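J.: Need coordinates for the below:
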Amino acid sequence: MQLLELYKGLRAAYRESDVSRRVERFHGWVDRAYPEDGGAVGYDHTETVNEYYDLCSEFMVYGWGESLHFAPLSPEESLEESKIRHQRLMISKLELSEGMTVIDVGCGVGGPMRRVVREAGVRVVGVNRNELQLDKAKTLSAEAGLDHMVDYLACSFMDMDAIADDTFDCGYAIESTCHAPDKVGAFAEIYRVLKPGALFWGQEMCMTEEFDPGDVRHQATKRDLMHGIALRDIATMGEVNRALETAGFQVIEATDRAVDENGRITPWYQPMEARGNTLGNALRRTPLGRKVLLGTSRMAEALRVLPKGSADVIGLMDHTARAYVAGGKSGIFTPLYCFLARKPL
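T.: This is a model prediction of the structure:
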């Protein structure tokens, strides 16, 4: 049934376009953004991010679920349980209460949004430039009976001019502002739409202190991550804090939640490996599962069940998954730099 839903979703998402050519063009985005002559004339990184999600969202939901983010894992939990625990931590930190109106910056397909609505009883406005993800978010929220508590705004979080100043009681951004071509600009726009005194939770992808710019292997892993996730750059934790403060926020707390209280790194990347099943790893997330899906997709393409090029998307995502694992195992990369900030009164 899940495979059937995936195939139906892909056919709707790709709309008989030349997917192979789109993937090939996506692979060249780094060269367009950073040409050898030094001038990226006409390059729009927002368009690259949008194409990334157009190509990959259906596969992401199939492999990772409706909440498209990482979480600190525990051997006693499945991946989904860990994500719920992590979302509940965010709800607690934001001090959400009924009657609030909250902004979800880069809401994806709305997994965290629906958790927030169910458990805190707040209204949420999801901001997302990607129309395919917004359509899926609307469908899933309606199926969950929560569509009366959510609204959507199709725009870039870099420019939310449809929203007045000082609108929201609080906000959050989960693995979204890492895509911003200008992090200070992104945080400044979020700052603008929050009310004075509002709390803001964020989860960023960052290079850690273990990253050595002079290490060839470290640089290669960073390039693979940037390329595969459509990140214009990957900030350090200190750079994220400075960007928040430059935008006007007071940083209340900030920590890499991939590192536990004893200094050990939780294996946030383990679902993408083939080791063990104590975390409830779905086969589809592992290298073997991705290989099986790749072969199945090629056969489906030959039978014209799937658009030609779907397997190329799986190849792109497989390469990115390997980069995630390399970054996590080496300790140079984390998708779990979480902060709590406040817009001053």
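J.: The stretch 1-150 of the chain: helices as residue ranges?
T.: 2-14, 19-27, 29-33, 45-64, 79-94, 111-120, 131-143 (DSSP state H, counting those that start in this stretch).
J.: what's the closest of these to residue 156?
T.: Nearest to residue 156 among the helices of the stretch 1-150 of the chain is helix 45-64; the distance by C-beta to C-beta comes to 5.4 Å. No exception for glycine: its C-beta is placed from N, CA and C like everyone else's.
J.: and that closest one with helix 131-143, angle?
T.: With axes from the mean of the first three to the mean of the last three C-alpha atoms, to 10 degrees defining the directions, helix 45-64 sits at 40 degrees from helix 131-143.
J.: Just the buried residues of helix 45-64, please?
T.: Residues 45-46, 48-64 are the ones in helix 45-64 that count as buried (16 or more other C-beta atoms under 10 Å).
J.: for stretch 63-77, same thing?
T.: In stretch 63-77, counting by 16+ other C-beta under 10 Å, buried: 63, 64, 65, 66, 67, 68, 69, 70, 71, 72, 73, 77.
J.: surely the third one meets residue 84?
T.: No. Under the criterion of C-beta atoms under 8 Å, residue 65 is not in contact with residue 84, lying 10.3 Å apart.
J.: Give me the neighbour count for residue 217.
T.: Neighbourhood size, residue 217 [other C-beta atoms under 10 Å]: 11.
J.: check contacts around residue 185.
T.: The contact partners of residue 185, by C-beta atoms under 8 Å, 6 or more residues apart in numbering, come to residue 158.
J.: Can you tell me how far it is from residue 105?
T.: Using C-beta to C-beta, to the nearest Å, we find residue 185 at a distance of 13 Å from residue 105.
J.: got it, and residue 326?
T.: 28 Å.
J.: The two - which one has more neighbours?
T.: With neighbours defined as other C-beta under 10 Å, residue 326 and residue 105 compare such that residue 105 has more, 25 against 19.
J.: which residues sit in contact with residue 314?
T.: Counting by C-beta under 8 Å, 6+ apart, residue 314 touches 59, 290, 293, 294, 297.
J.: Can you point out the buried residues in the host helix or strand of residue 317?
T.: Following DSSP states H and E, one finds residue 317 within helix 310-330. For helix 310-330, burial by neighbour count (16+ other C-beta under 10 Å) applies to 310-314, 316-318, 320-328.
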